[in-house]
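A.B. asks: take a look and give me a structure for this.
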Amino acid sequence: MNRALLCLFFIEIVTSSIFGDSNINIFNQIFNKENQIPMFDIQYEIPETLVGEFIIVTPMANCEITIFPNKEYIVIVDAPSHDLWNSFGYIIEIDNNCYFSPGLGQRKYFNELTQIHYTNFGFFYYDEFLGRLRAIRKKDIPLPVSECFAEKISISKRIVKYQYFDIQGFDKLEFNEIENLPHHVLPLYHYLQIDNGIVSITSTFGIDGEIYTIFEGFIEEVYSSTDIIRGIIHFTNGVPYFYIDNGTAEIELNTNGSIKITMLFSPDSRYQREIPGIQFPANLILEF
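C.D. replies: Below is the predicted model of the structure:
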């Protein structure tokens, strides 16, 4: 244990001398100078299940982590209304367990040794503020064949008219009655925009306020008539997987201009109001 920590301290010093405190993009540094970063004296192999690109499923921020075979990792965090930032470091092994080491440089994603727990879908770890966070392997979800991809559909940005949960045995539960945000925080509103079949659903604090979350995906058309178009929204990695079951939603577009989106949704557990008899995920209805 002490030897590993001494190695970590040595790497912190040497890496600082290589990179300094400049504002050069860390993402480019780790790829362009990967071989210049000193390695541990203790040699070991990390499991192949850890190597590759992963989505860290968190609320609000799009967070990705890439783990290299030589035990280096880089985290890229892209949160709405904030600048993109990066953090990198090493995976170390202690008593047959793997840990993320604290990041190298000024800004750290992991502030202390953080144990990695393996799962069938990737791995998880515990965050001081957000609790258990799971990481799933990143995958590029391809657009369906041209006759199914709803590229003919475009909708200019519009605000939600009604946002509610449809739960058997209850009247319509307004979204903000469940999403019990602190008193000083404005209610959340959803916006929808479709650009040639590519969907963006944005929630903001108040009307046109600061962005809270962004759900992005594309529409696969499953039914069309003179009166209605029905489709499936496939959300592509990132934030939706924290909230939306299976990362999909149903969409209906009517000739009268109305749009209805239905998704199995779980509110952020930190702000979830407890109401007896209600279990999540539950159907969230967004009407535009």
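A.B. asks: going forward, measure contacts between C-alpha atoms and count neighbours the same way
C.D. replies: OK.
A.B. asks: determine how far the host helix or strand of Ile233 lies from the middle of the whole chain.
C.D. replies: Here Ile233 is covered by strand 228-235, with elements defined by DSSP states H and E. Distance of strand 228-235 from the chain centroid (C-alpha atoms, centre = their mean, to the nearest Å) equals 21 Å.
A.B. asks: now do the same for that strand: mean pLDDT, whole number.
C.D. replies: In this model, strand 228-235 has an average pLDDT of 96.
A.B. asks: check stretch 185-198 too.
C.D. replies: Confidence for stretch 185-198, expressed as mean pLDDT, is 94.
A.B. asks: which residues touch it?
C.D. replies: Residues from elsewhere that reach stretch 185-198 (C-alpha atoms under 8 Å, 6 or more residues apart in numbering): 149-160, 163, 176, 181, 199-207, 216-219, 286, 288.
A.B. asks: please enumerate the strands of the stretch 151-288 of the chain.
C.D. replies: Remark: strands assigned in the stretch 151-288 of the chain by DSSP state E, counting those that start in this stretch are 155-159, 162-166, 173-174, 188-195, 198-205, 211-224, 228-235, 248-254, 259-265, 282-287.
A.B. asks: which stretch among the ones you listed comes nearest Arg273?
C.D. replies: If you check each of these against Arg273 by C-alpha to C-alpha, strand 173-174 wins as the nearest, at 11.6 Å.
A.B. asks: quick check: can you name the pairing partners of the closest one and their directions?
C.D. replies: Sheet pairing here is set by DSSP bridges, and for strand 173-174 it gives strand 162-166 (antiparallel).
A.B. asks: and the partner strand with strand 188-195, angle?
C.D. replies: If you take axes from the mean of the first three to the mean of the last three C-alpha atoms, to 10 degrees, strand 162-166 sits at 100 degrees to strand 188-195.
A.B. asks: in strand 162-166, what's buried?
C.D. replies: Under the neighbour-count criterion of 16 or more other C-alpha atoms under 10 Å, strand 162-166 has 163-166 buried.
A.B. asks: of these, which pair is most distant in space?
C.D. replies: Taking C-alpha to C-alpha as the measure, the buried residues of strand 162-166 span a maximum distance of 9.8 Å, between Gln163 and Asp166.
A.B. asks: let me know how buried the residue nearest to Tyr164 when sequence neighbours are not counted is, in neighbour terms.
C.D. replies: In space, and not counting its chain neighbours, Tyr164 is closest to Glu174: 4.2 Å by C-alpha to C-alpha, 6 or more residues apart in numbering. Neighbours of Glu174 under the rule other C-alpha atoms under 10 Å: 15.
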